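Trainee: this is a predicted model, with the sequence first.
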Amino acid sequence: MGPASYLKPKAGSLSTRLAASAEDLRAAQGLRYRVFVEELGGDGPLVDHTAKLERDAFDPYFDHLLLIDNACEGQIVGAYRLLPGDRLGPEGRFYSDGEFDLAPLRNSGRRLLELGRSCVAPAYRGGMAMLLMWQALADYATARHIEILFGAASFPGTDLTALAQPLSWLHHTHLAAPELRVRARPCHLDHILPADALDLTAAREGIPPLIRSYLRLGATIGEGAFVDHAFNTTDVCIILDAARLSRHAQAFVGRTG
């Protein structure tokens, strides 16, 4: 794990830092189990149901950003895992390589950071928690001169027909520029409705909160969606200019400083 000296945002009893031990990682995997397995019905080949840990082969390669509640004996209440492009996972891969063709990002010549496994304990959602994690994420990206952040972001469920409205709205309104447009593996677009068939209210209401927040930061979306049956999700690839996240974080500091 890298140094965490620049990961210092705090609000009340909450603070952020990078995981620094096996115990930190295990606590993050425990939170992920509660959110992704117990709450959302996910699974995977390395999920440990006995120990209640959600983990995979990429965990040892990532940095793990943690949200800590210091008023609750340092309990880990949020997690985000981060993989810089100069430190890839097994077989020189990003996690998202299994879901998307990332050639446009690799060929862009930009410094990349993959995001994943973002989760916050239920009691901490809707408040300062995610803003604090994004401030720490912006600091992390700035320190590493990251230019593009990307990663899989999930809709619950695997029924593309049921998700056709929000997925079609994203396709028509937030598709990434051609030079950065990654594509799902495989890239079937049968679920995409014509623009004039969209129910805008239903489409927007169907966007999960995390994806909605990414869009407010100016994120764009890769083409197509990956159906992850093991995790019980449908994933799109989020592509975000790191400078926009940094500006958002700076504004947050100004409001809370």
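Mentor: Cool, the structure landed.
Trainee: C-alpha from now on. contacts and neighbour counts both.
Mentor: OK.
Trainee: in the stretch 101-250 of the chain, which spans are strands?
Mentor: Using DSSP state E, counting those that start in this stretch, the strands of the stretch 101-250 of the chain run over residues 112-120, 148-156, 183-184, 220-221, 226-228, 233-241.
Trainee: indicate which one of those strands is closest to D86.
Mentor: strand 112-120 (8.1 Å; CA to CA).
Trainee: how near is S15 to D48?
Mentor: 28 Å (CA to CA, to the nearest Å).
Trainee: swap that for L14, please
Mentor: For L14 relative to D48 (CA to CA), the value is 28 Å.
Trainee: and what of I239?
Mentor: 31 Å.
Trainee: neighbour count winner among the two?
Mentor: Using other CA atoms under 10 Å as the criterion, I239 and D48 rank with I239 on top: 27 against 16.
Trainee: so how far is D63 from that one?
Mentor: 19 Å.
Trainee: do L180 as well
Mentor: 24 Å.
Trainee: ditto for H145
Mentor: 16 Å.
Trainee: neighbour count: those two, which is higher?
Mentor: D63 (19 against 15).
Trainee: I figured the more buried one was touching R87, is that so?
Mentor: No. The pair D63 / R87 is not scored as a contact, 10.2 Å apart, by CA atoms under 8 Å.
Trainee: run through the residues that contact the closest residue to L160 other than its chain neighbours.
Mentor: Once flanking residues are discounted, L160 sits nearest to H191: 6.2 Å by CA to CA, 6 or more residues apart in numbering. Residues near H191 by CA atoms under 8 Å, 6 or more residues apart in numbering: L160, T161, A164, S168.
Trainee: quick one, grab the pLDDT at the second one.
Mentor: You'll see T161 listed with a pLDDT of 93.
Trainee: and the gap between the residue nearest to it when sequence neighbours are not counted and R111?
Mentor: Among residues not flanking T161 along the chain, H191 sits closest, at 6.1 Å (CA to CA, 6+ apart). Taking CA to CA as the measure, H191 falls 33 Å from R111.
Trainee: again, but for R212
Mentor: R212 sits 24 Å away from R111, going by CA to CA.
Trainee: which one of those two is surrounded by more residues?
Mentor: Comparing R212 with R111 by other CA under 10 Å, the one with more neighbours is R111, at 18 against 14.
Trainee: how about the nearest residue to V182, chain neighbours excluded?
Mentor: G222 (4.9 Å).
Trainee: might one say that the one you found is in contact with L175?
Mentor: Yes. Using CA under 8 Å, G222 is in contact with L175, at 6.1 Å.
Trainee: picking up where we left off before, deepest in the core, which of the strands of the stretch 101-250 of the chain is it.
Mentor: Sort these by mean neighbour count, taking mean count of other CA atoms under 10 Å, and strand 220-221 sits at the top with a mean of 26.
Trainee: got a list of contacts for it?
Mentor: Contacts of strand 220-221 (CA under 8 Å, 6+ apart): L170, H171, H174, L175, A176, R181, V236, C237, I238, I239, L240.
Trainee: contacts only, for the closest residue to the last one other than its chain neighbours.
Mentor: If I follow you right, that is L240. Spatial nearest neighbour of L240, excluding adjacent residues (CA to CA, 6+ apart): A219 at 4.5 Å. A219 is in contact with H174, I238, I239, L240, D241, counting by CA under 8 Å, 6+ apart.
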